[in-house]
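Undergrad: 3D model of this:
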Amino acid sequence: MKVGMIASHYPHPSHREEFISRVHRVRKEFLRTPGCLSADYWVSADGDAVISIVQWESEEASAASFAAVQAAGFALDLAYDERESRPREIVRLVAP
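TA: Now for the predicted structure:
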């Protein structure tokens, strides 16, 4: 069963470019892992949010992708921190 994730991040303007660069690198690592069907990121029209959208063929593939990204040295800090203006919104998706 396909699964997905939409993550909305709200970096402060002074951290926006750094955040976009990091999301770009994580995207590339996700795409290298077996079972990752797609990974992309967008910036909202107003520039306030960086939105990641990832899709996997299964929950197991999703877990393997996250493990691979962490093993590659990327900190998948899913918690809110001082670089952001408000907490992240993460929505997990399951195909019907």
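Undergrad: switch to C-alpha atoms for all contacts and neighbour counts from now on
TA: Noted.
Undergrad: Now do the buried residues in the helix or strand encompassing E60.
TA: Taking DSSP states H and E as the definition, one finds E60 inside helix 59-71. For helix 59-71, the neighbour count (16 or more other CA atoms under 10 Å) marks E59, A61, S62, A64, S65, F66, A68, V69 as buried.
Undergrad: pLDDT and distance to P34 for those residues - can I get that in a markdown table?
TA: Shown next, in a markdown table, are the buried residues of helix 59-71 (pLDDT from 0 to 100; distance: CA to CA, whole Å):
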| residue | pLDDT | distance to P34 |
| --- | --- | --- |
| E59 | 96 | 12 |
| A61 | 97 | 7 |
| S62 | 96 | 9 |
| A64 | 94 | 8 |
| S65 | 91 | 8 |
| F66 | 88 | 11 |
| A68 | 88 | 10 |
| V69 | 84 | 12 |
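Undergrad: Could you single out the nearest of these to E29?
TA: Nearest to E29 among those: V69, at 5.9 Å, using CA to CA.
Undergrad: Check whether the closest one really touches V26, as I assumed.
TA: Yes - the criterion here is CA atoms under 8 Å, and V69 meets it with V26 at 6.7 Å.
Undergrad: can you pull the contacts of the closest residue to E57 other than its chain neighbours?
TA: Closest residue to E57 in three dimensions, ignoring its sequence neighbours and counting by CA to CA, 6 or more residues apart in numbering: K2, at 4.4 Å. Each residue near K2 by CA atoms under 8 Å, 6 or more residues apart in numbering is listed here: Q55, W56, E57, S58, E59, V94, A95.
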